[in-house]
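> Model the following, please.
(chains A and B)
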Amino acid sequence: MDQGSEILSRNINKTKNNEVSLNAFNFLFSEMIQYSQQRVSGTVQELEKKLSDFGYRVGIRVVELLNWREKNGKREIKILQNLYFIHTNVWKMLFGKQADSLEKHTEKEDEYMISDNEPIITKFISVPKDYHSLACGAFLAGIVEAILDGAQLPAKVEAFANPQEGFPTKTTIVINFDQSVIDREKLFQ
Amino acid sequence: MTISSLMIINKAGGLIYQKGFSSTPSKLDSNEYLVLAGTFHGVHTISTRIAPVPSSGIEVIEASTFKLHCFQTQTGTKFIMTTDPEQTRVELYLKKVYEIYSDYVMKNPFYTPEMPIRCELFDVNVLRYIKSINESS
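All right, here's what the predicted structure looks like:
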């Protein structure tokens, strides 16, 4: 058996020794950002959109794989269960730890937030001052958006850099669900 | 025992990072540091050429009031620390700074290789590391 087909014949439920070097990933991610930078006309929003698109491609695969692996193919239909699934299972699989918080906006009923104090994908990235509002966590936002889309919960997902004392790379992902999702959620109650 | 300053010189002899850690302000301006870095780079190169047996060049310069340590990486980047004469294990500290450099500078998509280093996280981490050494001794 040659090397190429080995990865395809591996058992998809096996998660042991599936880890990837963080250094290798960070070099790759760094190149992805530079690649995107060369292909946008310069605005931060465009760059974030590109990164988010990359994340989306990861997310649609994650939602399939994880539902199969950890839920025996059963899919959650409620907002909270899905968000909790992202906060816990998805983060654990992708980054080896849970996200640090999952919050609901106190006033807006369609807004939720997931925060990571130290996302490993942006661990080594210092955003220069002329890009001050850029959140490289847009990649994470893309992943979350794809997972919610896959669960039939369309939402607008954005990432914000939210530096805190002791956590300079803290990132918050803000999720705004479609009105249709909120309306449907009410029917469950 | 203290580390008083850190310099990083790229493979062409240009100064890409300079930071002082002692409380007394340095007497040199940025242009003078550039000249100093270029001169050291030249002397370092000469030292490798005149060596009778293959050598990696100057590693330590000792003076009565300070010591200068130089660590050159495989790619030709030089890390230089000035310390007081009693400071030990500087090679180790330089390697650790190299490690911080590889993490927070080389993995940063906004850094252009061989250009001056302006990375916030690198500054923060180097400063924290040097402080921990200076305080422990």
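
> Contacts only, for the residue nearest the centre of chain A.
By Cα atoms, centre = their mean, the mean C-alpha position of chain A lies nearest to residue A:140, the distance being 2.9 Å. Residues near residue A:140 by Cβ atoms under 8 Å, 6 or more residues apart in numbering or on different chains: A:55, A:116, A:119, A:121, A:159, A:171, A:173. Quick note: C-beta positions are derived from backbone N, CA and C, even for glycine.

> try 6 Å this time
Contact analysis of residue A:140 by Cβ atoms under 6 Å, 6 or more residues apart in numbering or on different chains lists A:159, A:173.

> Name the helix or strand for it, please.
Taking DSSP states H and E as the criterion, residue A:140 maps to helix A:138-150.

> Tell me which helix or strand comes right after that helix.
Past helix A:138-150, the next helix or strand by DSSP H and E is strand A:155-161.

> what ranges do the helices span in chain A?
Applying DSSP state H to chain A gives helices spanning A:3-9, A:22-38, A:44-71, A:79-85, A:91-95, A:138-150, A:179-188.

> so of those helices, which one's packed in deepest?
Compared across the helices of chain A, helix A:138-150 shows the largest average neighbour count, a mean of 25 (mean count of other Cβ atoms under 10 Å in any protein chain shown).

> CA atoms of it as PDB?
Output of helix A:138-150 as PDB, limited to C-alpha atoms (Å, rounded to 0.1, in the frame of the first residue of the first chain):
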ATOM      1  CA  ALA A 138     -12.300  35.200  11.300                       C
ATOM      2  CA  PHE A 139     -11.100  31.700  10.400                       C
ATOM      3  CA  LEU A 140     -12.800  30.400  13.500                       C
ATOM      4  CA  ALA A 141     -15.900  32.400  12.700                       C
ATOM      5  CA  GLY A 142     -16.000  30.600   9.300                       C
ATOM      6  CA  ILE A 143     -15.800  27.200  11.000                       C
ATOM      7  CA  VAL A 144     -18.700  28.100  13.400                       C
ATOM      8  CA  GLU A 145     -20.800  29.500  10.600                       C
ATOM      9  CA  ALA A 146     -20.400  26.400   8.500                       C
ATOM     10  CA  ILE A 147     -21.400  24.200  11.500                       C
ATOM     11  CA  LEU A 148     -24.500  26.200  12.200                       C
ATOM     12  CA  ASP A 149     -25.400  26.200   8.500                       C
ATOM     13  CA  GLY A 150     -24.900  22.400   8.500                       C
END
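
> what is the rounded mean pLDDT of the top helix by length along chain B?
Determined from DSSP H, the single longest helix within chain B is helix B:30-50. Predicted confidence along helix B:30-50 averages 93 (mean pLDDT).
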